[in-house]
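J.: the following comprises the amino acid sequence and a computationally predicted model.
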Amino acid sequence: MSTRPVEIYDTTLRNGTQQEGISLTARDKLKVARLLDDLGVAYIEGGWPGANPKDDEFFRRARTELELQTSTLVAFGSTRRAKVRPEDDEQLAALLAAETDVICLVGKTWDYHVEHALRTDLDEAVAMIGDSVAYLRSQGRRVFFDAEHFFDGHRANADFALAALRAAHDAGAERLVLCDTNGGFLSHEV
């Protein structure tokens, strides 16, 4: 029986700061990242570059002020917008500007969200995932794909949810993260 080490992917600096009453400065986030590194956390999701000035400041300062020993810093963000080429997408540019080795891309895997939130068709949604992963890989980044609402999406339209995962995998995503609606997830190395 082969064993693989357990790797912790911590989302405190993004997801954990979305609670009412929590507001970390870039300096606070640097301190928390150092503590997580001391704990041996494998991946530290630092935030969403381009989403707010604090996250931009954190990633800018992390380049010179954060010397991680065991952890890898991850930038989090979304796939390209519908009908926009990856190289022209502001979100993907912000992710690259964060200068992390790993980027975690969130993409829609529930057809309801594609049609009602993104207001596009399922083929375009699959292309958004594949194009975004392939573009970031071509820029030398490791990519994890966060399959947003995967379990609800799979229940509603398994073919689409699996096509979204396949697009990420085929484009070079290193990990597929299957998220539920309550923030929990399962990750699979591909």
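T.: On my side now, so go ahead. These numbers were taken from a predicted model, which means no experiment stands behind them.
J.: where does pLDDT dip in this structure?
T.: Where the chain drops to pLDDT under 70, the residues are 16-18, 181-190.
J.: show me where the chain has helices.
T.: Counting by DSSP state H, the segments of the chain that form helices are 26-39, 53-65, 90-97, 111-113, 122-138, 150-156, 158-171.
J.: the shortest one packs against which elements?
T.: Pointing back at helix 111-113 there. Here helix 111-113 touches helix 150-156, going by 3 or more Cβ pairs under 8 Å, 6 or more residues apart in numbering; DSSP states H and E. All C-beta atoms are positioned from the backbone trio N, CA, C, and that covers glycine.
J.: now the helix it packs on: buried residues?
T.: Neighbour-count burial for helix 150-156, counted by 16 or more other Cβ atoms under 10 Å, picks out Phe150, Phe151, Asp152, Gly153, His154.
J.: could I get the contacting residues of Leu92?
T.: If you count contacts by Cβ atoms under 8 Å, 6 or more residues apart in numbering, Leu92 has them with Gly77, Arg80, Pro86, Ser132, Tyr135, Leu136.
J.: dump the helices of the chain into CSV; add distance to Leu178 as well.
T.: Shown next, in CSV, are the helices of the chain (distance: least, Cβ to Cβ, whole Å):
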stretch, distance to Leu178
helix 26-39, 23
helix 53-65, 25
helix 90-97, 21
helix 111-113, 15
helix 122-138, 14
helix 150-156, 4
helix 158-171, 8
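J.: tell me the most buried of the ones you listed?
T.: Mean neighbours per residue, mean count of other Cβ atoms under 10 Å, is largest over the helices of the chain for helix 122-138, with a mean of 21.
J.: angle of that one against helix 90-97?
T.: In terms of direction (axes from the mean of the first three to the mean of the last three Cα atoms, to 10 degrees), helix 122-138 departs from helix 90-97 by 20 degrees.
J.: so which residues make contact with helix 122-138?
T.: Here helix 122-138 makes contact (Cβ under 8 Å, 6+ apart) with 79-83, 85-87, 89, 92, 95-96, 103, 105, 107-108, 111, 114-115, 118, 120, 143, 145, 160, 163-164, 167-168, 170-173.
J.: check contacts around Ala97.
T.: Ala97 makes contacts with Pro49, Gly50, Phe59, as judged by Cβ under 8 Å, 6+ apart.
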